[in-house]
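Enquirer: take a look and give me a structure for this.
(one chain, ligands or ions: 1)
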Amino acid sequence: MGLQMPQLTGRYLDNITMSKNKKSIDENLRASGVTITEYSAKCMFGTIVHSDLIKDILSEALKILNSSLYKSYDYSLAGRISNGKQAKIELDKAPHCIVEFKDIVEKLSHVYVERFFSTAYGDSKIFSGKCNLHDMWIVEQKKNDYNPLHIHNNQSPAGLSGVLYLETPECISEYSRYKNAQQSESFVVEKGRCEIDGWINLDYGSQTSPDLNNFKMPEKISIPPVPGYCILFPQDTAHQVYPFDGDGSRICISFNVNVWYDQTGVTQWSDILLANNLLANKNKSI
Ligand SMILES: [Fe+2]
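Expert: Below is the predicted model:
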C-alpha cells in the first residue's frame, strides 16, 4: 500500500465549503484533493453468518443450556450471570453446525493474521502457520446479568477472540433499528457511542469521550448484538457488556483462536517451539 497522493482539482482548496455534516465534509474534502486518514493500531473483522447456520447453532445452544447434563462454566469466565447460564461447548463432541462455524472462524482468523503481516511487512514477510480454535462457550444473558471489562487468553501467546450473536431480546436499545439493516456495512459499529444496555463495547485505548483539545475520538466501539453478526478481534482487546432491563435472552457464542507461527524470526516463543520441534502437536485443529 503506497501513500495516497491527493489529486489537485482546479485551484487547490478553492472549492472547500463549510458544512455541519461529516459525510458532506468528507465528500467535499475529497473532491478538493484532501485525503483523510483515520489512524488506529488495531482492527476488528465483522461478518454476517448465514441465517440457516445461525438457526442450527441456536437450536444446539439451547439443547446444551437446557440439558439435564448442563454444567455451569461460570468458574472460568468473567461474566456475572445470575439469571442466565454459561456453558462450555465440548468441541470433540460438537454437532456438524458447530464444526462448520469452527471452520469459518479458523479461516477468518487465518486471513486476519495474513492481512496483519501484509499491513506490517508488505510482501517481505508472509504469515506461515496455523490458526486453530482453542475454546468456545455459550453465554445466555438475562435481565441484570452483565459482563465486566475483561480480556481473553489462548494456549498460544498470540491469539484472536470473538463472538457470534444468536438471539437478542427486543428490549435491547436500538436493536430493532439494526436488525433489518443487515445490508448496511456500518450498522454494527458506532464509534464514540458507548455504554448502551446489552451492546458489546470494545476498548482499544484509554480515551473514553471526545477530546476537544487534541481532537481525539473515544477509543471505543459499541456494537449491538444483532443475531448472525460475528466479530473477530485481538485477544487483548478489553470488552464488556452492560446489563439490560427487560424480558428475553441475549444468547451468543464466544471463542478464542490460537495463532501458531511455523516460520522462524517472527517471535521468540515460536522460535523456541520450532527449535525444539514442539509445534506439531500445537498445530492440530481441535
Ligand atoms: Fe469476553
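Enquirer: pLDDT below threshold where in the stretch 151-286 of the chain?
Expert: Counting by pLDDT under 70, the stretch 151-286 of the chain shows low-confidence ranges at 173-195, 281-286.
Enquirer: which parts of the helix or strand harbouring Asp103 are buried?
Expert: Secondary structure here is read from DSSP states H and E; on that basis Asp103 sits in helix 96-121. Applying a neighbour-count criterion of 16 or more other Cβ atoms under 10 Å, one finds 97-98, 101-102, 105-106, 108-110, 112-113, 117 buried in helix 96-121. From N, CA and C alone the C-beta is placed, and that goes for glycine too.
Enquirer: Glu106: what's it in contact with?
Expert: Going by Cβ atoms under 8 Å, 6 or more residues apart in numbering, Glu106 touches 131-133, 257, 285.
Enquirer: neighbour-wise, give me the winner out of those.
Expert: For the contacts of Glu106, counting by other Cβ atoms under 10 Å, the largest number of neighbours falls to Val257: 28 neighbours.
Enquirer: the inter-axis angle of the helix or strand that one falls within versus helix 96-121?
Expert: Under the criterion DSSP H and E, the helix or strand holding Val257 is strand 250-261. Taking axes from the mean of the first three to the mean of the last three Cα atoms, to 10 degrees, one finds strand 250-261 and helix 96-121 inclined to each other by 50 degrees.
Enquirer: packing partners for strand 250-261?
Expert: Using 3 or more Cβ pairs under 8 Å, 6 or more residues apart in numbering; DSSP states H and E, the elements in contact with strand 250-261 are helix 51-66, helix 96-121, strand 129-141, strand 158-167, helix 268-275, helix 279-282.
Enquirer: re earlier: now the contacts of Glu106 in JSON lines, with distance to Phe45?
Expert: Output for those, formatted as JSON lines (distance: Cβ to Cβ, whole Å):
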{"residue": "Cys131", "distance to Phe45": "12"}
{"residue": "Asn132", "distance to Phe45": "17"}
{"residue": "Leu133", "distance to Phe45": "15"}
{"residue": "Val257", "distance to Phe45": "11"}
{"residue": "Ser285", "distance to Phe45": "20"}
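Enquirer: now the two most distant members of those.
Expert: Farthest pair in those (Cβ to Cβ) is Val257 and Ser285. Separation: 10.6 Å.
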